[in-house]
Structures are given as C-alpha cells and as structure tokens.
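**Q** with the input below, show me the fold.
(one chain, ligands or ions: 2)
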Amino acid sequence: MDIEAPEEAKELPKIQRLDESVVNRIAAGEVIQRPVSAVKELVENSLDASSTSISVVVKDGGLKLIQVSDDGHGIRHEDLPILCERHTTSKLSKYEDLQSIKSMGFRGEALASMTYVGHVTVTTITKGQLHGYRVSYRDGMMEHEPKACAAVKGTQIMVENLFYNMIARRKTLQNSADDYTKIVDVLSRFAIHHIDVSFSCRKHGAARADVHSVATSSRLDAIRSVYGLSVARNLIKIEASDNDPSRSVFEMDGFISNSNYVVKKTTMVLFINDRLVECTALKRALEIVYSATLPKASKPFIYMSIILPPEHVDVNVHPTKREVSLLNQEVIIEKIQSLVESMLRNSNDSRTFQEQTVESSPSVPSITNNESHLNPSPSGSKSQKVPVHKMVRTDSSDPAGRLHAYLYKKPQNHLEMNSSLTAVRSSVRQRRNLKETADLTSVQELIDVIDSKCHSGLLDIVRQCTYVGMADDVFALLQHNTHLYLANVVNLSKELMYQQVLRRFAHFNAIQLSESAPLQELIMLALKEEELDLEGNENDDLKMKIAEMNTQLLKQKAEMLEEYFCIFIDSDGNLSRLPILLDQYTPDMDRVPEFLLCLGNDVDWEDEKNCFQSLAAALGNFYAMHPPLLPNPSGEGLEFYRKRKHGKNPQDAGKSSCDIGDDIEIEDEFEHELLSEAETVWGQRDWSIQHVLFPSMRLFLKPPTSMAVNGTFVRVASLEKLYKIFERC
Ligand code: ADP
Ligand code: MG
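**A** Ligands and ions are numbered 1, 2, ... in the order given. Predicted structure coming up:
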C-alpha cells in the first residue's frame, strides 16, 4: 500500500498516504485505550465463544501482562493465520447482519489492535483435538507457524507489554492510578450479568482472587458474592416492559438500591442486549429520582438489563462499543424513571406503615444536621401516602437512627384523628420540635395552596411533553401529543424552585461558596446596579446606609435563614452557603447581589407564613434559569463581543477610530476570553434546561392555573395543521 503521492507543488504541504502500520497503530490506540479496554474485549470474546469459566490474570495494571483464559469453543487451526488481521471476524459477514447481531464482537478489530500495541500469544484447542496450538502475533501477523502444545479446553490469550511502542501513553498510564481497579470493576459487572459463567480476576502471583464468582441461578447471590452483603441486602427487584411499537418496545429487569443504602457514588451496571454499556442520560435520570425521593443525598446501586429488538439498537456508534444508541430512548428512560420513583416511594411508605405500631423512641430528634437531605416529590397521587418531605430524619451518619425517622408517634391531638391522612401527617409533625409545629403548619398551608392551584391540563403537558429545544433565550419548544407549545423557562423554573424551597423546607443540602461573600459590599453592588442609569452618585451615603441596615437585618435573621433555608451568614456578615434546590444545579452567582438586596427589601419579616412565602419567592427568582447576564453569543448578541477600541461602544467597532490617528484599521476581532466565557455560561444553561429543569419539572412541578393564561405556555401549532401546510408547499 505504499503509494507515493505525485511530486508537485514543493512548497505546499504534501498529502501522503500513511504507512499502513502507522494507520493500524493509530486505529489500535483508539480501540484499546487502556489495559481495561483490552480486558473487556478479551472477556467479550470468551463470552462469545460460549465459555462457562473465564479467568483473568493481570500484572502491573495490565501493562506488563494481561492473560485471559476460557473454556470456550476455541479457534480452528486454519483460522490462526488471519486471526489477528484487522477486520477478520467469525461473527459478521454482511452489513445487514449488524441489524440482528447478538454477539458482542463484530468488527474483528480487537485482537488485531492488541497486536499493534502489544505482544499477543494465543493458545487454543478445539473440540475433538488431541493437542492445542500456540502462536504469537505482532502487527497483525503470525510471528511463526502455530506450534503444537498441550492445552486444556478453550483459549488463552496473553497480551504482554501493552503500549510498548506508544511511549507517551505508557508513561501516562504508569503514572496514573492503577488500571487494576478498573479491570476488577469491569469483571465485577460481567460477573453479575452473566451469572451462568464463573469469573475470577487476580493479580499475577497473588493467591487470592479479587473477583471470584461461581455460576449460579440467582442474580442476587451473584451480586452478594461480588459486591458484598451490604449491597445485596438493600436491593429491590425491578421489572418493566412495553410492547407498543408506536411508543417503545423493551423489556427491563434488574435490582435497585433502597433507602437504606447510603453511599456517595453511583454504581450503575447497565447491559443493553447483553452488552455492557453506559447511558449517561439514564444514569442521570435515575440519580435525580434518588436524590429527590430519598432522605439523604444517597447515590444508588443499580443493576439493569434492558432487552430491545436488535434492530432498535445501534451498536456501531462508538469504537469500543461502549455506548449504544436506542430507538425511542427518551420514552424508555422516562418509563424507567417513573417506575423507579414509584418503587422508591412505596418502599419508603411501606416502611412508615410497618413501623406504625412501634412507639417511637423517647428522644425526639430535632433537625440539626444541615447535611440531612430531604427532597420531597410531590406525590401527585391520591393515595394515603405520607409525603416524603413530611418525614423526619435523624442523624444521617447513624444508620440505626434512620429507622426512627420513619417511626411515628400516635396522634396526640384527637381532632386530627378524623382523617387518617391528616393523622399520619400531624403525627409525623409531632415528632419534630414542638416549637416547630407552627412553622410546619404555615409551610404546609403554602404547599396546600400549590396543590390546590395545580392546573391538571398543564400538569399533563409538563409530565408528558418532549423537549424539542430552545426557541429563543426564554422560550423552549415542547411537543405534547400532536401539539407544539412555547414554554417560558424563566417562569417555569422560578415556580419550580419556589415549590422546591417549600417542599424541601429545612432539609437542604448545601452549596459551599468557594469564598465567603461580604453582604454589605454585595448589597451595595446591587444598589448601584439598580440606579445605574439614574446617575445617582451623590446618594452613595444613603446607599451605604441601606446596605448596612440590610446587612444588620440579615445577620439578625441568620439563625432562621440557616436552619430553614440553608443560607449561612456568619457573624461578620459574610455569606458562605446556599441551599441546593435541584440536584446538579447551582444558580447564577452573578445574581447573588440582587438576591441579597431582595432579602432585605422584599421579604416580609413580620408574619411567619408571609415570611416563608416571600423568602421562597426570592430564592425562586434567584435560582430561576434567567438568560445569563452576558448576551447570547450565538444570536445577535455576538456583536457585543466585537473588540471595542479605546473604550468605544460596540457599535463603533468596525468603524474608524478618530482618537488615535494611526489606529484606523477596521477591527473584526473579538474579545475571545469574554466570548468563550459567554459560550460556556449559555451552554451550561442550555444543558441545565434540558437535563435538569425538564426532568425535574416532570417529577415535581405542579403548574399553577395562572400559567395557562399569563403567557407561560403558548400553544403555537398543532402538528396535524403543520403537516397540512407542509403538504401544500
Ligand atoms: P470480533 O470479536 O469483533 O469478531 P476480535 O478481534 O475480538 O473480533 O476476534 C476475532 C475473532 O477471533 C473472533 O471473531 C473469534 O472468531 C476469534 N476469537 C477471539 N477470541 C476468541 C476466544 N477466546 N475463543 C474463541 N474464538 C475467539
Ligand atoms: Mg471481539
């Protein structure tokens, strides 16, 4: 393949065909990114070969040696010469086969790749043979004829000195944390999915295996033996399916952790059509449910196997086949998400009721732990559930104490026994500090107002809609059934945040500011902003006074702000903590000054209920997904970033500047730093709208009736009509 490009145009860069070995090495580096990718490919080959036992030995995090032995069907002697050439496979012969591919491999690239970046030796024996063969490969080719050797059933593949010819990669891998943990992790995942196969994984020379599973018929047993008892005993079985081709067709089963399982990191083991894959969207959707439904900011353990018709999965979207794309992905995710949510809620509730007969412990827990995290979901159901946010949690670090959180005292106020729902609610309330009962009543009344004002039609839209994209800086385009709507994301997010403040009342996790912010200066800043166009410089003194008074006021209220709203103000008047209203979302910090001013000016500090209501509204406004203060660079706002010469306005850019004689060049330069900052903030906002706001709205928002008439939702078209218009064109 060494074709020389014609010798012309000496000065211009010459396009040359790369040497094939270079091409192969580059491609190999993509398929085998690190030792763990080689292990995954080798184990998948063993699984494709119907093995029932697979063992892995690793030396030096896989850089020195990876050895995978199986008891599968082996490799035919006559296939050995081309075994490690690129694009040789026994699993696919024509492109159409990809549509129905069941094996994990199909590209015929993995083994070849390993021979370009390491030394590969294969020992194999097929059924009915008296002896096996051993052969080594380099750069896709056999180094010698296969040698007869003694062998046990199956295949053993050894990869030595991985990346010996990619010095930079070898160095980074050597310096990075051991790949061995990653290898153990991948094998653990395989082991709990392929429960009819036994797996083991150990370091070279070690007597003990770090993964050791035996074939079993019980998935739970497999999980117990690989991930331990503490995981296995806190799992709930989950199953779902759909078989409506207009919506989605899938079957899912798995195990998810319950509320007793408290860890800081998500483990999500996902197999789609028996492939170990990742699906960030699904993972995130489930994390949101956990953080919202369960008391502590606990992350889940999830094992899930999803089976779809093979033609609905595109397995060929990623070189290492790590990610797949699915038909109707959004519908499937939504279905799974709501199922997980209801299961978690039920598991919480059943616990509440199980424990009802038990007298609660005499010590009434008070909420002192700021880290205790409680996110309610608006249940939206009519059943007699105790809303999650009505339950009281004790110390998050005390697992035993967590059970008490769900105990409840017998109602003491007989008036409240009329309705069992109120009874349960109020009894839970009783468990709080008695002093706080009144506080809760006012918050409960505010939540009741939200519930009673909920517009059922809008609720349906919010729950069922598909997010299409942003139509402009404020309106998102949504599709619901056959209608398109424009929805004002600022109004929606403001309302959602407001409702979240009340539902999570006194149970927020904290956002810690990297530097604490002096209230007085910030309020001063906000006051100046307000009067920017009024040229009000002369009343600076007045502003100072206002800033000082507001700071004093907030300092006085600090205890309450901290306890109920997780807004932490220290005795020097510095703000250092804010509440998390939605997981994965922090508000725009540019809006802190405005918020602080609003706390001073707009909050009613006299009446308790009004106070909570106006504080929630202030927080709602602060956390809402306003357009960022920097203009949107992807629209007309781009003009703003054109380089301004010598303090001229943006409009002057491009015109000649007459202040400095020489400098009259036409400027078409941009303020790159500012531009990229703007791109980042706008990009982040778009991401949050799609991945945080809409999924959370689906779960939590009770849209008020006012939104039907105040322009928050506008129906723009019905698809039927649009189709008719398009047909005419
Ligand atoms: P792919 O798995 O995409 O086909 P690979 O490069 O991983 O490509 O493997 C090439 C071929 O080698 C496979 O198609 C299979 O026939 C054979 N093979 C690899 N490993 C094994 C094994 N452990 N047992 C049996 N056959 C194997
Ligand atoms: Mg393979």
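
**Q** so what's the residue nearest to the spatial centre of the chain up against?
**A** Centroid-nearest residue in the chain: R284, 2.9 Å away (criterion: C-alpha atoms, centre = their mean). Residues counted as contacts of R284 (C-beta atoms under 8 Å, 6 or more residues apart in numbering) are Q584, H691, P695. Placement of C-beta: from N, CA and C, glycine included.

**Q** narrow these to those in helices?
**A** P695 (DSSP state H).

**Q** which among the contacts of R284 count as buried?
**A** H691, P695 (16 or more other C-beta atoms under 10 Å).

**Q** out of the contacts of R284, which is nearest to ligand 2?
**A** H691 (33.1 Å; C-beta to the ion).

**Q** quick one: the nearest residue to the closest one once chain neighbours are set aside and N710, what's the gap?
**A** Among residues not flanking H691 along the chain, R284 sits closest, at 6.2 Å (C-beta to C-beta, 6 or more residues apart in numbering). Look at R284 and N710: by C-beta to C-beta, to the nearest Å, they are 31 Å apart.

**Q** surely the residue nearest to the centre of the chain is within a strand?
**A** No - secondary structure of R284 (DSSP: H, G, I helix; E, B strand; the rest coil): helix, not part of a strand.

**Q** what's the end-to-end length of stretch 498-512?
**A** When the termini of stretch 498-512 are compared using C-alpha to C-alpha, to the nearest Å, they are 21 Å apart.

**Q** distance between that stretch and the chain's centre?
**A** 20 Å (C-alpha atoms, centre = their mean, to the nearest Å).

**Q** buried sites along it?
**A** 498-511.

**Q** same check, this time on stretch 57-66
**A** For stretch 57-66, the buried set under the neighbour-count rule, 16+ other C-beta under 10 Å, comprises V57, V58, K59, D60, G61, G62, L63, L65, I66.

**Q** so what strands line up beside the helix or strand containing the first one?
**A** Assessed by DSSP states H and E, V57 sits inside strand 53-59. Taking DSSP bridges as the criterion, strand 53-59 forms sheet pairs with strand 65-70 (antiparallel), strand 198-203 (parallel).

**Q** the top helix by length along the chain packs against which elements?
**A** Secondary structure of the chain per DSSP H: the longest helix is helix 329-354. Counting contacts by 3 or more C-beta pairs under 8 Å, 6 or more residues apart in numbering; DSSP states H and E, helix 329-354 is packed against strand 235-244, strand 248-257, helix 280-293, helix 694-700.

**Q** immediately after the last one, which helix or strand?
**A** Right, helix 694-700. strand 713-718.

**Q** quick one: distance of that following strand to the chain centre.
**A** With C-alpha atoms, centre = their mean, you get 31 Å for strand 713-718.

**Q** could you say what helices and strands that strand packs with?
**A** Packed next to strand 713-718, using 3+ C-beta pairs under 8 Å, 6+ apart, are strand 483-488.

**Q** now do the strand it packs on: which elements does it pack against?
**A** Looks like strand 483-488 contacts strand 475-480, strand 713-718, helix 719-728 (3+ C-beta pairs under 8 Å, 6+ apart).

**Q** hmm, try it at 6 Å
**A** strand 475-480, strand 713-718 (3 or more C-beta pairs under 6 Å, 6 or more residues apart in numbering; DSSP states H and E).

**Q** so V231 is in which element?
**A** Element membership for V231 (DSSP H and E) is helix 229-232.

**Q** quick revisit: just name the most buried of the strands paired with strand 53-59.
**A** strand 65-70 (a mean of 23; mean count of other C-beta atoms under 10 Å).

**Q** just checking, what packs against the helix or strand just after that strand?
**A** Proceeding N to C from strand 65-70, the next assigned helix or strand is helix 110-117, under DSSP H and E. When contacts are defined as 3+ C-beta pairs under 6 Å, 6+ apart, helix 110-117 sits against helix 20-31.

**Q** got the CA positions of the helix it packs on in CSV?
**A** What follows is helix 20-31, C-alpha atoms only, in CSV (Å, rounded to 0.1, in the frame of the first residue of the first chain):
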residue,chain,number,x,y,z
GLU,A,20,-0.3,1.0,6.9
SER,A,21,1.4,0.1,10.1
VAL,A,22,1.1,3.7,11.2
VAL,A,23,-2.6,3.7,10.4
ASN,A,24,-3.1,0.4,12.2
ARG,A,25,-1.3,1.7,15.3
ILE,A,26,-3.3,4.8,15.4
ALA,A,27,-6.5,2.8,15.0
ALA,A,28,-5.4,0.4,17.6
GLY,A,29,-4.8,3.1,20.1
GLU,A,30,-8.5,4.1,19.7
VAL,A,31,-9.9,0.6,20.2
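
**Q** please see if that helix touches ligand 2.
**A** No - using C-beta under 5 Å from the ion, helix 20-31 never reaches ligand 2; the gap is at least 9.8 Å.

**Q** next, count neighbours for the nearest residue to E677 once chain neighbours are set aside.
**A** Of all residues not flanking E677 in the chain, L630 sits nearest, at 6.8 Å (C-beta to C-beta, 6+ apart). Close neighbours of L630, defined as other C-beta atoms under 10 Å, add up to 18.

**Q** you'd agree L630 is in a strand?
**A** No - per three-state DSSP, L630 lies outside any strand segment and is coil.

**Q** is it in contact with A678, as I believe?
**A** Yes - here L630 reaches A678: they are 4.1 Å apart, a contact under C-beta atoms under 6 Å.

**Q** how close does the closest residue to R247 other than its chain neighbours sit to ligand 2?
**A** Spatially, and ignoring its direct neighbours in sequence, R247 is nearest to V331 (5.6 Å; C-beta to C-beta, 6+ apart). Taking C-beta to the ion, to the nearest Å as the measure, V331 falls 31 Å from ligand 2.

**Q** buried stuff in the helix holding V231?
**A** Neighbour-count burial for helix 229-232 [16+ other C-beta under 10 Å]: V231, A232.

**Q** next one: phi and psi at the closest residue to M524 other than its chain neighbours?
**A** Nearest non-adjacent residue to M524, counting by C-beta to C-beta, 6+ apart: A547, 4.5 Å away. Dihedral angles of A547 (phi, psi; degrees, to the nearest 10) stand at phi -60, psi -40.

**Q** look up how far D253 lies from A547.
**A** 60 Å.

**Q** more neighbours, these two?
**A** Neighbour totals were compared for A547 and D253, and A547 leads with 23 against 15 (other C-beta under 10 Å).

**Q** OK, contacts around the more buried one?
**A** Residues in contact with A547 (C-beta atoms under 6 Å, 6 or more residues apart in numbering) are Q520, I523, M524.

**Q** I'd guess the first one is in a helix, am I close?
**A** Yes - Q520 sits within a helix when classified using three-state DSSP.

**Q** that one contacts M549, correct?
**A** No - with contact defined as C-beta under 6 Å, Q520 does not count as touching M549 (9.9 Å).
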